[in-house]
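Asks: with the input below, show me the fold.
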Amino acid sequence: MVPAVILSAGLAALSWIAVRKLLLKDSRQKRARRIRRPAPLLSSEPDEISLIVYNILADHYCTPKRYPYVRPEWLHWPHRWEALQEQIRSFGSDLICLQEVEPSRWNQMLASPALTDYAGFLQLGLVWHESRTRALLAAFTFWDGLGQQQLLYVANMHLEGSPYRPNDRISQTRSALQRLEAHQRQYGIAPEDAAVVVCGDFNSGRHETVCHFLHRGRLEGGTTEPHMPKVEVTKASISHPYALHEAYSSGGHELPFTRKVPPLASTLDFIWASCQLEVAALYWPVECRHEGLIEHQALPNQHYPSDHLPIGAVLRLKHFYVPPYGDAHPPLPPPSGAQPDATQEYSSGPECDASELGLRLGLGLAGHGAAESNLVAPGQSNQNRPGPARLN
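Replies: Presented below is the predicted three-dimensional model:
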């Protein structure tokens, strides 16, 4: 009897070791590679799209009264603008989603040598954009690795900043997702099949209701924030149709913070992607030589011109197996240098100025005052792809 018990125990232990090795192997396979600044965040395959998300800090907020711990010369626009150009020049991503861009600074930014490569619509084609409250929505076309034209939806958001108005953040998020869904259904696209990115400065942490809503797809009526148990974020139950995952968590990494001001270091900036997009790489915004500085010094400072850090990811479009039909074959890839169809054929919606859309190619701003959401959208910026594009 004893040998049998020993044998059974031995087999159980071996089984556990085998299962553990498989789990570890699987977790290693799912772990996204890390791209640390100043290395560029490049997409390397046709199925990949890279994007940076960055709240650059509105210039009119940069006052000694608001940031008494920062040396005054580090708050001046000339100093911050030099540092911002250095950062933007290093990004190299296909999309740059900005928040807190002041209208008076936008043309200066577009004219910067840091954005020289962001001109025209080539690999990424703009097909629709619309401004909502605290959000800028856009859709782009691009060629995938099978030579098929794909559509990517992006919601770049800068949600309500007051800690006492979580209901406004939920309302703004819900409004943006509802409009994305309405546009997709209008053109025969099933929202659950759409490639969607929801990103920006949420002014809300990972354990608060905005992230819960994005992750679960639903919030029950009467839900409250942990720190505000008497304020309902929604009176009625709400939902959205997208299966979203947070890029850093699903890529196997966690940023320690994205905003750091005394006395708090918090994560407020996020990239959420639909299940059609997997995380291939993640951007690490702090250089190795600055890790000690960032650990003991708040933002902004002499090297980082905003109170937020830029975040970013390379997202890869998944291809699902479809049984072959007769002798059908995948279409041939497009000719070298071919452009996706980027005809402006969609309605811009009631909140977008048609003259701006037609004359300025979507250089309109979303939000109010300086709390803007902006998209700078080049085409694929690596050597294997055609030239870039840009969009605000």
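Asks: only C-alpha atoms for contact and neighbour calcs from this point on.
Replies: OK.
Asks: in the stretch 201-350 of the chain, which spans are helices?
Replies: Assigned by DSSP state H, counting those that start in this stretch, the stretch 201-350 of the chain shows helices spanning 209-216, 247-250, 291-296.
Asks: quick one: those helices as JSON lines, columns for mean pLDDT too.
Replies: Shown next, in JSON lines, are the helices of the stretch 201-350 of the chain (pLDDT from 0 to 100):
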{"stretch": "helix 209-216", "mean pLDDT": "98"}
{"stretch": "helix 247-250", "mean pLDDT": "97"}
{"stretch": "helix 291-296", "mean pLDDT": "88"}
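Asks: could you dump the ones you listed to JSON lines with distance to residue 152 and mean neighbour count?
Replies: Converted to JSON lines, the helices of the stretch 201-350 of the chain look like this (distance: least, CA to CA, whole Å; neighbours: other CA atoms under 10 Å):
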{"stretch": "helix 209-216", "distance to residue 152": "18", "mean neighbour count": "19"}
{"stretch": "helix 247-250", "distance to residue 152": "16", "mean neighbour count": "20"}
{"stretch": "helix 291-296", "distance to residue 152": "35", "mean neighbour count": "11"}
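Asks: residues contacting the helix or strand containing residue 49, please?
Replies: Assigned by DSSP states H and E, residue 49 belongs to strand 48-55. Contact with strand 48-55 is made by 41-43, 91, 93-100, 199-201, 269-271, 306, 308-317, 380, as judged by CA atoms under 8 Å, 6 or more residues apart in numbering.
Asks: list of residues touching the helix or strand just after that strand?
Replies: Sequence-wise, the next helix or strand downstream of strand 48-55 (DSSP H and E) is helix 72-75. With CA under 8 Å, 6+ apart as the test, helix 72-75 has contacts from 62-64, 79-80, 300-302, 305.
Asks: again, only this time at 6 Å
Replies: Residues outside helix 72-75 that contact it (CA atoms under 6 Å, 6 or more residues apart in numbering) are 62, 302.
Asks: helix or strand right after that helix?
Replies: With elements assigned by DSSP H and E, the helix or strand that comes after helix 72-75 is helix 77-91.
Asks: any idea how far that next one is from the chain center?
Replies: 20 Å (CA atoms, centre = their mean, to the nearest Å).
Asks: so what does the next helix or strand after that helix touch, helix or strand wise?
Replies: Per DSSP H and E, the first helix or strand lying C-terminal to helix 77-91 is strand 95-99. For strand 95-99, the helices and strands in contact under the criterion 3 or more CA pairs under 6 Å, 6 or more residues apart in numbering; DSSP states H and E are strand 48-55, strand 371-376.
Asks: among those, show the one with the smallest mean pLDDT.
Replies: When these are ranked by mean pLDDT, strand 371-376 comes last with a mean of 63.
Asks: so which of the contacts of strand 48-55 are in strands?
Replies: 95-99, 199-201, 269-271, 311-317 (DSSP state E).
Asks: out of the helices of the stretch 201-350 of the chain, nearest to residue 281?
Replies: The closest of the helices of the stretch 201-350 of the chain to residue 281 is helix 247-250. By CA to CA, the value is 9.1 Å.
Asks: tally of neighbours for residue 272?
Replies: Using other CA atoms under 10 Å, residue 272 has 24 other residues around it.
Asks: cool, residue 44 as well?
Replies: Using other CA under 10 Å, residue 44 is surrounded by 17 other residues.
Asks: so what does it have for phi and psi?
Replies: Per-residue torsions, residue 44: phi -110, psi -10 (degrees, to the nearest 10).
Asks: gap between it and residue 140?
Replies: 18 Å (CA to CA, to the nearest Å).
Asks: before we move on, what about residue 310?
Replies: Distance from residue 310 to residue 140, counting by CA to CA: 22 Å.
Asks: look at these two and report which has more neighbours.
Replies: Higher neighbour count among residue 310 and residue 140: residue 310, with 28 against 21, using other CA under 10 Å.
Asks: show me what contacts that one?
Replies: By CA under 6 Å, 6+ apart, the neighbours of residue 310 are 53-54, 285.
Asks: name the nearest residue to it, sequence neighbours excluded.
Replies: residue 54 (4.4 Å; CA to CA, 6 or more residues apart in numbering).
Asks: that neighbour: neighbour count?
Replies: Neighbours of residue 54 under the rule other CA under 10 Å: 26.
Asks: who's it bridged to?
Replies: residue 98 (DSSP bridges).
Asks: could you number the chain from 15 rather than 1 from now on?
Replies: Done: numbering now begins at 15, and the last item shifts to residue 68.
Asks: how many residues are close by residue 80?
Replies: Using other CA under 10 Å, the number of residues around residue 80 comes to 9.
Asks: equivalent analysis for residue 254, please.
Replies: The number of residues packed around residue 254, counting by other CA under 10 Å, is 17.
Asks: equivalent analysis for residue 260, please.
Replies: Neighbours around residue 260, by other CA under 10 Å: 20.
Asks: contact partners for it?
Replies: Residues in contact with residue 260, defined by CA under 6 Å, 6+ apart, are 285-286.
Asks: could you check how far it is from residue 272?
Replies: Counting by CA to CA, the gap from residue 260 to residue 272 is 14 Å.
Asks: how about the strands in the stretch 115-264 of the chain?
Replies: Ranges of strands within the stretch 115-264 of the chain are 139-146, 149-157, 163-172, 209-215, 232-233, 238-239, 242-246, 252-253, 258-260, based on DSSP state E, counting those that start in this stretch.
Asks: redo the ones you listed as TSV? Include mean pLDDT.
Replies: Below are those laid out as TSV (pLDDT from 0 to 100):
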stretch	mean pLDDT
strand 139-146	90
strand 149-157	92
strand 163-172	95
strand 209-215	98
strand 232-233	97
strand 238-239	95
strand 242-246	93
strand 252-253	98
strand 258-260	98
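Asks: all good on my end, thank you.
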